[in-house]
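> Could you work out the structure for the sequence below:
(chains A and B)
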Amino acid sequence: MSKHILIVDDSASVRQMVEATLKTASYAVTAARDGAEAFELCKGKVFDFVLTDQNMPNMDGLTLIKSLRGLATYSKTPIVVLTTEASDAMKTQGRAAGATGWMVKPFEPAKLLEVAKKVMG
Amino acid sequence: MSIDMKQFHSVFFEESQEHLDEMEHLLLEIDIVNPESEQLNTIFRAAHSIKGGAGIFGFDGLVSVTHVMESLMDKIRQGKMGINADLVDLFLTSVDMLKSILTSYRNNAEIDWAGANRLTELLESATIEKTAKKTKAKPKNKAVKEESFGFFSDPVIGTSDAYGFFEDIDQKQQEDYGFFEPLSQASEPDSRSEETSLASSIFNSQSSVSVSAIATTTSSTKTKAAESTESSSIRVDVSKVDQLINLVGEIVITQSMMNLLGKSIEGSLGEKYQSISAELERNTREIQEAVMSIRMLPVSFVFNRFPRVVRDLSQKLNKSIDLVIEGGETELDKGLTERLVDPLTHLVRNSIDHGIESSDSRIAQGKTPTGKVTLRAAQQGGSIVISITDDGAGLNREKILQKAREKNIPVSDNPPDSEVWRLIFAAGFSTADQVTDVSGRGVGMDVVKRNVQSLGGRIDIDSVAGKGSTFTIRLPLTLAIVDGMGVSVGTQTFIIPLVNIIESMQPAEKDIKTLVGDDQLLMVRDQYWPILPLHKSMQIEPDFTEVHKGIAVLIETNKHKFALFVDALVGQQQVVIKSLEQHYKRVQGVAGATIMGDGSVALILDVESLGLNVSQKSYNYLDKVS
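Predicted coordinates:
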């Protein structure tokens, strides 16, 4: 069964692009518009990988990660946060929230697949 | 990797446009002294989103400006720096610049790099000024190149290749992403991962309070989120919706044919058929209404641009003006909202430029120094009424009359106010003493009137000297449906658009005057109207050939005024316009066709072109009389 990835971004164009890219590698993809919507989805289903933007309305990426880590089902799921900066402060916050890793936006489609492959094997 | 990025561009353009509109809207609303943090956050996120998408899709012209805007706004929302009117102006200029760059990308046009760079510098210097010694945010492009992802398994953060993914990761991947924790597939316990998991478990227990705090905040925001999901929308190509509307139109026709057929079935089978048919009819009508509503947009899509227009213009003219917007939620066909922008902009500019007086002059008249312009929309029956009201000087009767005479525009003696006001719609008319660059370029009100009429609407003026003016635009709910009056001639039914009808009457024989030849005139309240028998234009057999036995419908169009002579009135109704030209060639005097409730076809009259049939003789006579 193909791995199921949840992508979370408030930008429709980014969602579509990420979704299309991941589908070329035969991943199943579900998209959510913000952290709150993603969290609701995650309560009902365990995804193999969550890729989330940081800046979003309703619930931001780090809050989503913290909330997900509070669910027993998501204690080990790889979660990567998309960020426009790779500053130390961001990394400290990301680590503290429980993120598996980070990825800088903008990115090339190839890079995205590389990360997906890395975290899910 | 064969992903064609172009396919995402149009979505990116649309969402960026929305972000920019929202930013503009919020910037105009923001209270400089005490800004709401949610407003600041939203502006920040909008800039951030545009930057992110622009970076991914390679629209570099948008990146630098949004980047600096974002970091400026970040400082402001964190309270590290204040906001003031100059900054809001700068942000608004930036929004304008971004809009123009976005349009350039949309149209594959040249990007104004110099402008973008200039603005970036301005924004950067604002950042430096305000944050004093705080170093300005460096463009992150460099950082992006250095490392663009990472895994947090390396406990050491802060070095340039700040991630230690597991031992087995090769070097080049250290650049773009990183992992914080050992990845699950490599879960064999080593001392380090134990350490981290211990650290994280401690961390978890530490943060359990905050997690539950988050949980409560999310539960409060959850309802909000649920609501926003409820009212969430999808983007659909307009052509798909139009196709749907057309298909539903076909179903309506087919349904009414079946309905008619059912009436010829006798006995209990016929009864069953008819009850089913009635149900189908109801469902069809509901589908039709639902499909029509897809095209409806709140009129605020148009109204929302005006706070900016009013702000810029009042600054430029040094007038103090409050803009009040009412009924922005009123829905209107998308095709109409788009084409309303120009006429409304013109009217609002006119109100500000010509209507509202300067503060000094207002005070001298005992008015409030700040003028008020009200934009209002409301649905009234089958039409949408949009009005622009100002509490300014009102139209100047004498000046208009004088101007009209100068321009050789025909004016009757001592005309009523309503007729005087209508003069400003005449081609080439302008009341401004000087042509300003704000309004009055000579392409003024006549174009506004034509635009409104091309939408099937009409425009009226109310004005009281010293008190102000109101321009009222009446529009049909949608372009696909027209409010019409059904009239019959012989066995045929015709539909006259209601907007063109002044009144209908059964004329008295004494009011009808016959000219040499067969042409006739109808006297209504001391005014002659040329009579146009519809049966002659349509070349069909009428029930009546004498006008006083039938009905005269007084019709006024852009260029013509006449009394249309028909046999009888059938009744007022909304009809769905079907174009004839897909199937037949153009028929003079006919705008389209529609299916009536009984399944018969009725022609919708094009009264403008029918007016051409009014004989020149009648007009000559009318000129002589007046």
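
> can I assume B:Gly394 sits in a strand?
No - under the criterion used here (DSSP: H, G, I helix; E, B strand; the rest coil), B:Gly394 is coil, not part of a strand.

> for B:Thr493, helix, strand, or coil?
strand.

> So the residue nearest to it when sequence neighbours are not counted, which state does it fall into?
Residue nearest to B:Thr493 in three dimensions, not counting chain neighbours: B:Ala602, with 4.1 Å by C-beta to C-beta, 6 or more residues apart in numbering or on different chains. Bear in mind the C-beta positions are built from the backbone N, C-alpha and C, glycine included. Counting by three-state DSSP, the backbone at B:Ala602 sits in strand.

> From chain A, how far out is B:Ala602?
Computed with C-beta to the nearest C-beta, to the nearest Å, the distance linking B:Ala602 and chain A is 44 Å.

> Give me the number of neighbouring residues for that residue.
Close neighbours of B:Ala602, defined as other C-beta atoms under 10 Å in any protein chain shown, add up to 22.

> A:Arg95 too?
A:Arg95 has 25 neighbours, counted by other C-beta under 10 Å.

> So the one helix or strand it maps to, near chain B or not?
With the criterion set as DSSP states H and E, the secondary-structure element containing A:Arg95 is helix A:88-97. Yes - contact of helix A:88-97 with chain B is found when judged by C-beta under 8 Å from any C-beta of the partner chain, involving A:88, A:91-92, A:94-96.

> Local confidence estimate at the residue in chain A positioned nearest to chain B?
When C-beta to the nearest C-beta is the measure, chain A has its nearest residue to chain B at A:Pro106, with 3.1 Å between them. Among the per-residue scores, A:Pro106 shows a pLDDT of 81.

> Equivalent analysis for B:Val11, please.
Value for B:Val11, per-residue pLDDT: 85.

> would you list the residues of helix A:88-97 next to chain B in TSV and tack on distance to B:Thr284 and pLDDT?
As requested, the residues of helix A:88-97 next to chain B are exported to TSV (distance: C-beta to C-beta, whole Å; pLDDT from 0 to 100):
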residue	distance to B:Thr284	pLDDT
A:Asp88	64	78
A:Lys91	61	81
A:Thr92	62	83
A:Gly94	56	86
A:Arg95	60	86
A:Ala96	59	87
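
> now the residue in chain B positioned nearest to chain A, what's its secondary structure?
Distance from chain A to each residue of chain B (C-beta to the nearest C-beta) is smallest for B:Gly55, at 3.1 Å. Assigned state for B:Gly55: helix (three-state reduction, three-state DSSP).

> thinking it is in contact with A:Val104, fair?
No - between B:Gly55 and A:Val104 there is no contact, the gap being 9.5 Å when judged by C-beta atoms under 8 Å.

> who's more crowded, the two?
When B:Gly55 and A:Val104 are compared on other C-beta under 10 Å, the one with more neighbours turns out to be A:Val104, at 26 against 23.

> what's the distance between that one and A:Lys111?
9 Å (C-beta to C-beta, to the nearest Å).

> any weak-confidence spans in chain A?
A:1 (pLDDT under 70).

> contacting residues around the spatially most central residue of chain A?
Among the residues of chain A, the one closest to the centroid is A:Leu51, at 1.3 Å (C-alpha atoms, centre = their mean). By C-beta atoms under 8 Å, 6 or more residues apart in numbering or on different chains, the contact list for A:Leu51 reads A:5-8, A:18, A:79-80, A:82, A:103, A:115-116.

> Which of the three states applies to it?
For A:Leu51, the reduced secondary structure class is strand; criterion used: three-state DSSP.

> Who does it form a beta bridge with?
For A:Leu51, the beta-bridge partners under DSSP bridges are A:Ile7, A:Val80.

> Any figure for the gap between it and A:Val119?
A:Leu51 sits at a distance of 9 Å from A:Val119 (criterion: C-beta to C-beta).

> ok, residue 70 - how many residues close by?
No chain specified, so I'll use chain A. When neighbours are counted by other C-beta under 10 Å, A:Gly70 comes out with 18.

> um, chain B though
By other C-beta under 10 Å, 24 other residues sit near B:Glu70.

> Go ahead and confirm it touches B:Ser49.
No - under the criterion of C-beta under 8 Å, B:Glu70 makes no contact with B:Ser49, lying 9.5 Å away.

> can you pull out the helices in the stretch 301-450 of chain B?
Per DSSP state H, counting those that start in this stretch, the stretch 301-450 of chain B has helices spanning B:306-317, B:334-350, B:359-364, B:397-406, B:417-423, B:445-454. These are given in chain order.

> and B:Gly486, which of those is closest to it?
Checking the helices of the stretch 301-450 of chain B against B:Gly486 by C-beta to C-beta gives helix B:445-454 as the closest, at 22.2 Å.

> Can you list the buried residues in the helix or strand following the closest one?
The first helix or strand that comes after helix B:445-454 along the chain, using DSSP H and E, is strand B:458-464. For strand B:458-464, burial by neighbour count (16 or more other C-beta atoms under 10 Å in any protein chain shown) applies to B:458-459, B:461-463.

> Quick check: the two most widely separated of the residues you listed?
For these, with distances taken as C-beta to C-beta, the pair at the greatest spread is B:Arg458 and B:Ser463 (16.7 Å).

> Out of the residues of helix A:88-97 next to chain B, grab the one that's most surrounded.
Among these, A:Gly94 has the most neighbours (other C-beta under 10 Å), with 27 neighbours.

> Looks like that residue contacts A:Thr100 (just checking).
No - look at A:Gly94 against A:Thr100 with C-beta under 8 Å: they stay out of range, at 9.1 Å.

> give me the number of residues near residue 17?
If you meant another chain, say so; for now it's chain A. Each residue near A:Met17 was counted by other C-beta under 10 Å, and the total is 25.

> meant chain B, my bad for not saying
In terms of burial, B:Gln17 registers 16 neighbours under the definition other C-beta under 10 Å.
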